[in-house]
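Colleague: Give me the fold of what follows.
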Amino acid sequence: MILTIALLLGSAIVIYLSCEYFVNSIEWVGRRLGVAQSAVGTVLAAFGTALPETVVTFVAVVFGRDAAHKDIGVGAALGGPLALSTIAYAVVGLMFILNRKKIGGILLSATDGARLSRDQAWFMGIFVLKVLLGLFAFTFKPWLGLLFLLAYGTYIWGEIRKEDSADVEIHDLDPLKFRPNDPQPGLGWAALQTIVALVVIFLSSQLFVAQLEAMAPWLGISPHLVALLLSPIATELPEILNAVIWVRQGK
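Modeller: Down below sits the predicted model:
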């Protein structure tokens, strides 16, 4: 029990430190690709940090040994957005309140209500449609996955295209942690740090999830509830911590 708790806390600390590296490098990747900060968060950072749990869900659903494993994969896929739209919002709101005197004005002036509304409309529309589709069974339903991929591609294209037509924000970035003495690190170094950070985040997230699953019997929680409620908290922890780091930086 003590070892499980220690590994749980240790993996959470490693995830946070890895997110510091990821946030640092993904901003430099965005700078080198000419992408504005808002698109860095909604496209580059979101895709990168969502990749590990996406792979986990894919493996569980496609290569699961039995129906229980497939159900766990589906539960994790549904639980992730629910965790982000509840716990993550609460954590970011709390960070905003705690830092309102220091950076409140900066955050408010940088907030784009139209952009936030558009992002929420995309998320709610697609997520509600997916949940409704889960209530029905028909032969060609798996092929609708291609439709959702197309919808995500359309969203990304719209984000990048709008940034191309707008002024790209220029902010001072912290030195790249892999190249602290280089004021203008190349895209290759930034991409390398991003990949290394993602690998560490993925491995430490798996360790975090394993400890939660080990604790589930002690808490009297079934594997399905672990997949739907507890595991998403771990797999979405990088996204939550990224948001916390950016809020603390006033971005």
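
Colleague: okay, CA-based contacts and neighbour counts for the rest of this
Modeller: Fine.

Colleague: Which parts of the stretch 101-250 of the chain are strands?
Modeller: Using DSSP state E, counting those that start in this stretch, the stretch 101-250 of the chain contains no strands.

Colleague: quick one: low-confidence ranges for it?
Modeller: Along the stretch 101-250 of the chain, the model assigns pLDDT under 70 to residues 104-112, 162-171, 223-224, 226-228, 231, 234-235.

Colleague: Do a quick rundown of the helices in it.
Modeller: All helices of the stretch 101-250 of the chain, identified by DSSP state H, counting those that start in this stretch, fall at 113-133, 144-165, 187-219, 223-225, 231-235, 237-248.

Colleague: hey, which of these is tucked in deepest?
Modeller: Highest mean neighbour count of the helices of the stretch 101-250 of the chain: helix 231-235, a mean of 26 (counted as mean count of other CA atoms under 10 Å).

Colleague: quick revisit: take the helices of the stretch 101-250 of the chain and write them to TSV, including distance to I15.
Modeller: Putting the helices of the stretch 101-250 of the chain into TSV (distance: least, CA to CA, whole Å) gives the following:
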stretch	distance to I15
helix 113-133	25
helix 144-165	26
helix 187-219	5
helix 223-225	23
helix 231-235	9
helix 237-248	7
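
Colleague: Just tell me which of these ends up closest to K102.
Modeller: Closest approach to K102 among the helices of the stretch 101-250 of the chain is made by helix 237-248 (9.3 Å; CA to CA).

Colleague: From the chain's centroid, how far away is that closest one?
Modeller: 9 Å (CA atoms, centre = their mean, to the nearest Å).

Colleague: tell me what it is packed against?
Modeller: helix 2-33, helix 46-63, helix 89-98 (3 or more CA pairs under 8 Å, 6 or more residues apart in numbering; DSSP states H and E).

Colleague: rank these by mean pLDDT and give me the bottom one.
Modeller: With a mean of 70, helix 46-63 has the lowest mean pLDDT of the helices and strands packed on helix 237-248.

Colleague: out of the helices and strands packed on helix 237-248, nearest to A190?
Modeller: helix 2-33 (5.1 Å).

Colleague: Next up, the contacts around T4.
Modeller: By CA atoms under 8 Å, 6 or more residues apart in numbering, T4 lies in contact with Q211, A214, M215.

Colleague: now the residues you listed in JSON lines, with distance to W157?
Modeller: As requested, the contacts of T4 are exported to JSON lines (distance: CA to CA, whole Å):
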{"residue": "Q211", "distance to W157": "39"}
{"residue": "A214", "distance to W157": "42"}
{"residue": "M215", "distance to W157": "42"}
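
Colleague: Go through the helices of the stretch 101-250 of the chain and name the closest to R31.
Modeller: In terms of CA to CA, the element of the helices of the stretch 101-250 of the chain nearest to R31 is helix 187-219, at 8.9 Å.

Colleague: so how far is the closest one from its chain's centroid?
Modeller: 12 Å.

Colleague: With stretch 114-127 instead?
Modeller: 16 Å.

Colleague: hmm, who's touching it?
Modeller: F148, Y155.

Colleague: export it as CSV, just CAs?
Modeller: Taking Å, rounded to 0.1, in the frame of the first residue of the first chain, the C-alpha atoms of stretch 114-127 are listed here in CSV:
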residue,chain,number,x,y,z
ALA,A,114,-15.2,34.3,-30.0
ARG,A,115,-12.4,31.8,-30.2
LEU,A,116,-13.4,30.1,-26.9
SER,A,117,-17.0,29.9,-28.1
ARG,A,118,-16.0,28.3,-31.4
ASP,A,119,-13.8,25.7,-29.7
GLN,A,120,-16.6,24.8,-27.3
ALA,A,121,-19.1,24.5,-30.1
TRP,A,122,-16.8,22.1,-32.0
PHE,A,123,-16.2,20.0,-28.9
MET,A,124,-19.9,19.9,-27.7
GLY,A,125,-21.2,19.2,-31.2
ILE,A,126,-18.9,16.3,-31.9
PHE,A,127,-19.0,14.8,-28.4
